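>>> just need the structure, nothing else, for what follows:
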Amino acid sequence: MTTDGPRYELAGTARPPEQWSVGLPGDPDVLIPAQRQVVPRDKAPDTVPGWQDLVEGLLTNHCCAFHRNMEISSRYAWMYDLQPARFKWAAMAAFASHHVRLALFPLRLDTDDTGYVDIPRSLGRRKLLLTADVDTIRATNNAIFNDIFWVHLAYATADDGIERLRALLRAEAHYAPVLAGFEAIDRGLVWEGTLQLLEHEQRALVQPNFDRLSCAFARLVSIGSTTSFEVRGVRQEVAYFTSFYLSSLSRGIPHALQARTWPRITRFEDRWRWLETSVVPRFRRLDADARLIAAGLRRISDEARTYASMPCVQPLASGTGSELNA
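You can find the predicted model right below:
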């Protein structure tokens, strides 16, 4: 990141300079290849749609599903770096979005040597590869970014971030949990507020989409839902590794027997139990080690740069295929 002022150590109550922008492509610290001013002080949006439009402009136009996923992941990492003492949700979102790229693999099956993906052909494999479910995961990841990322940016780029959010969100019933979360974060109750943001994400954005997933895909996602926060080394990977099924079976067997239902990550109560009791505690330990979390987020940024140099999936003129590229 480059700025028009001095480089800030953006922790605690620090704020970025009045004018700031994403670095140029040649800058070794740039996260993704975009160069435009982000939030000029005298032109900050005064509506939620205005902020969402501004944030959409941070992503490459006509970006394919894979590039967009990498850009979103690296944007979250960039946001965490602005205020690491407060923006814990952004770092967790960076790791989660980075893992979503694995679920998008079926769309990559029909790729030629130029990097072009024949999406209509991929969609023809719908029954075998559950492509509609894959697209739901893609859309969910995009929806989370559109809904919450801008709130962090609005907060970070104001002299009094919480007052800006109050003005924007008080009349928005949908954003009441988000405003409450930032109120807590602003008071120094960072993890309490972070959990409120995470619960909003899971209830308002993830759950409605997960309700649409097929039973087959839900079982596959439940089995494959793990995280180690991109740490390297066997001992560290073991320390930070968590699996939805292993955690659910070790902690929730009495509940499962009583309810006579097998744990499923598409069920909010099962997923939230895993997030609250296993994922978040491991992330808090990771966040306490500045070296480890920096290394993990740097890997996400490095992979985004690698993808940026690869051919993009060409958007189709119309139909379902073009929607996959958004």
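
>>> drop to CA atoms for contacts and neighbour counts, all remaining ones
OK.

>>> for the stretch 201-326 of the chain, which segments count as strands?
For the stretch 201-326 of the chain, the strands defined by DSSP state E, counting those that start in this stretch occupy 226-227, 242-243.

>>> mean pLDDT lowest where, among these?
Here the lowest mean pLDDT among the strands of the stretch 201-326 of the chain goes to strand 226-227, at a mean of 68.

>>> so where's the stretch 51-200 of the chain shaky on pLDDT?
Counting by pLDDT under 70, the stretch 51-200 of the chain shows low-confidence ranges at 61-63, 107-129.

>>> repeat for the stretch 201-326 of the chain
Along the stretch 201-326 of the chain, segments meeting pLDDT under 70 span 222-240, 245-261, 308-326.

>>> the helices in it, which residues?
207-210, 215-224, 234-240, 244-259, 268-274, 280-287, 290-308, 320-324 (DSSP state H, counting those that start in this stretch).

>>> what is the longest one packed up against?
Helix 290-308 sits against helix 65-82, helix 88-103, helix 280-287, with contacts defined as 3 or more CA pairs under 8 Å, 6 or more residues apart in numbering; DSSP states H and E.

>>> burial check on residue 216, number of neighbours?
Residue 216 has 10 neighbours, counted by other CA atoms under 10 Å.

>>> what's the distance between it and residue 206?
Remark: distance between residue 216 and residue 206 (CA to CA, to the nearest Å) = 18 Å.

>>> now do residue 65
Distance, residue 65 to residue 206, using CA to CA: 18 Å.

>>> compare these two (neighbour count), which wins?
residue 65 (25 against 21).

>>> I'd assumed residue 137 was in contact with the more buried one.
No - counting by CA atoms under 8 Å, residue 65 sits too far from residue 137 to count as a contact (10.9 Å).

>>> how much space between the nearest residue to residue 221 once chain neighbours are set aside and residue 216?
The shortest distance from residue 221 to any non-neighbouring residue, by CA to CA, 6 or more residues apart in numbering, is to residue 265 (7.2 Å). Taking CA to CA as the measure, residue 265 and residue 216 are separated by 12 Å.

>>> out of the helices and strands packed on helix 290-308, which is closest to residue 171?
helix 88-103 (23.3 Å; CA to CA).

>>> for the closest one, packing partners?
Where contact means 3+ CA pairs under 8 Å, 6+ apart, helix 88-103 is packed against helix 65-82, helix 131-144, helix 190-200, helix 290-308.

>>> go through those helices and pick out the most buried.
Per residue and on average, the most neighbours among those fall to helix 65-82, with a mean of 26 (mean count of other CA atoms under 10 Å).

>>> the residue nearest to residue 221 against residue 244, yeah?
Yes - using CA under 8 Å as the test, residue 265 is close enough to residue 244 to be in contact (7.3 Å).

>>> picking that back up, CSV for the helices and strands packed on helix 290-308, including distance to residue 45?
Output for those, formatted as CSV (distance: least, CA to CA, whole Å):
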stretch, distance to residue 45
helix 65-82, 18
helix 88-103, 21
helix 280-287, 32
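
>>> who wins for proximity to residue 305 among those helices?
helix 65-82 (8.5 Å).

>>> how much space separates the nearest residue to residue 202 once chain neighbours are set aside from residue 288?
Nearest non-adjacent residue to residue 202, counting by CA to CA, 6+ apart: residue 268, 7.5 Å away. In this view, residue 268 and residue 288 are 28 Å apart by CA to CA.

>>> appreciated, that's everything.
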